[in-house]
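Novice: Predicted model and sequence below, questions to follow.
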Amino acid sequence: MSQSSEPDRYAVIGYPVAHSWSPFIHGMFAKQTNQNITYGRIEAPPENFEREVAAFFQTGGKGLNVTVPHKQVAVLIARYRTPRAEMAGAVNTLMIQDEVIHGDNTDGAGLITDLTQNLGFKLADKRILIIGAGGAARGILGPLLSAGPEYVEITNRNADRAVHLAGEFAALGNLRGCGFDEVTESRPFDLVINATSASLQDLVPPVPRSIIGDETLAYDLAYGKGDTAFTRWAKSLGAARAESGWGMLVEQAAESFFWWRGVRPDTKPVLEAIKTHKK
Ligand code: ATR
């Protein structure tokens, strides 16, 4: 691509968005792959979301990452949605093509890549516990079930929500929804994913300690400086590994970048750079 032409414009839209690492990540991807793009931030409260998206594309913008709290509304804005966005009921990536807005969801794929490629965890035949039954849990369920685990349990503070979510995905695998007091305690899970927003309040969901064993990978979709409340808790219980969601963040970004630009960036240097920043 010619570097003398006007750069293609991308941004992340959310509320709040000032803390977003997406400009840093996509900036590194663009440099590494020699793509002539700019990547900014758009802060949009819910009442302005649709207007901001329309203005962005009308003024020549090419693609958006959509973050909290807009991912569900973005489904309605995308005229065409990828099957994985449809399944997640959420869109985290928008792109305009021939004046039509398309929507994708790269969150689940980002998690799977982080688990399998970066952390070397094989999902096939594993027992998985997902804590939480909100938008984040829904977004990862389809891709997780496609990887062929033996069993997936969804547990949530509001048990009905977990039962309902498990019912929606029942055709895709062996899964069950339940409340925190009904979690299977016979033996630890191979993988425990915290998909609640409790870490944002520095809280650990009150799930039984027996879910964590010395072979368990504990994974928090949330991320921050150092450990989250959940990864700290899992480590204190002797988990084999406890990881926060930085890897998923970088891998979902790479998936979005690929969808927009047709070029797959190398995520390793970005993961290394973030590790240095966030220790
Ligand atoms: P998201 O899109 O981040 O998933 P959400 O749809 O609001 O946001 O869902 C938040 C999830 O975190 C829910 O599973 C919520 O449990 P409830 O459905 O019972 O509300 C869970 N959650 C939030 N704070 C929590 C806490 N302190 N302890 C346990 N679960 C919590």
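Specialist: It's in. Numbering: from 1, shown residues only.
Novice: So what touches the lowest-mean-pLDDT helix or strand in the chain?
Specialist: When the helices and strands of the chain are compared on mean pLDDT, DSSP states H and E, helix 268-278 comes out lowest with a mean of 91. With Cβ atoms under 8 Å, 6 or more residues apart in numbering as the test, helix 268-278 has contacts from 21, 24-25, 28-29, 32, 118, 223-226, 246-247, 250. C-beta coordinates here come from the backbone N, C-alpha and C atoms, glycine included.
Novice: Restricted to buried residues, select those in ChimeraX.
Specialist: Buried members of the contacts of helix 268-278, defined by 16 or more other Cβ atoms under 10 Å, are picked up in ChimeraX with:
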select :21,24,25,28,29,118,223,224,246,247,250
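Novice: Where helices are concerned, which of the contacts of helix 268-278 count?
Specialist: In helices, defined here by DSSP state H, the members of the contacts of helix 268-278 are 24-25, 28-29, 32, 246-247, 250.
Novice: Serialize those residues to TSV and add fields for distance to S186 and pLDDT.
Specialist: TSV is the format used below for the ones in helices among the contacts of helix 268-278 (distance: Cβ to Cβ, whole Å; pLDDT from 0 to 100):
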residue	distance to S186	pLDDT
F24	43	97
I25	40	98
M28	45	98
F29	44	98
Q32	47	98
W246	32	97
G247	30	98
V250	35	98
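Novice: Specify which member of these is nearest to the ligand.
Specialist: Closest approach to the ligand among those (Cβ to the nearest ligand atom): W246, at 16.6 Å.
Novice: For E52, grab phi and psi.
Specialist: phi -70, psi -40 (degrees, to the nearest 10).
Novice: is it true that it touches I13?
Specialist: Yes. Proximity of E52 to I13 meets the contact threshold set by Cβ atoms under 8 Å, at 6.2 Å.
Novice: the helices in the chain, which residues?
Specialist: Under the criterion DSSP H, the chain contains helices at 22-33, 49-58, 73-77, 83-88, 107-113, 135-146, 159-168, 229-236, 246-261, 268-278.
Novice: Which other helices and strands does the longest one contact?
Specialist: In other words, helix 246-261. Here helix 246-261 touches helix 22-33, strand 63-66, strand 93-97, helix 107-113, helix 268-278, going by 3 or more Cβ pairs under 8 Å, 6 or more residues apart in numbering; DSSP states H and E.
Novice: repeat for the second one
Specialist: The helices and strands touching helix 49-58, judged by 3+ Cβ pairs under 8 Å, 6+ apart, are strand 8-14, helix 73-77.
Novice: Return the nearest residue of the stretch 101-250 of the chain with respect to the ligand.
Specialist: For the stretch 101-250 of the chain, Cβ to the nearest ligand atom, closest residue to the ligand: G134, 2.0 Å.
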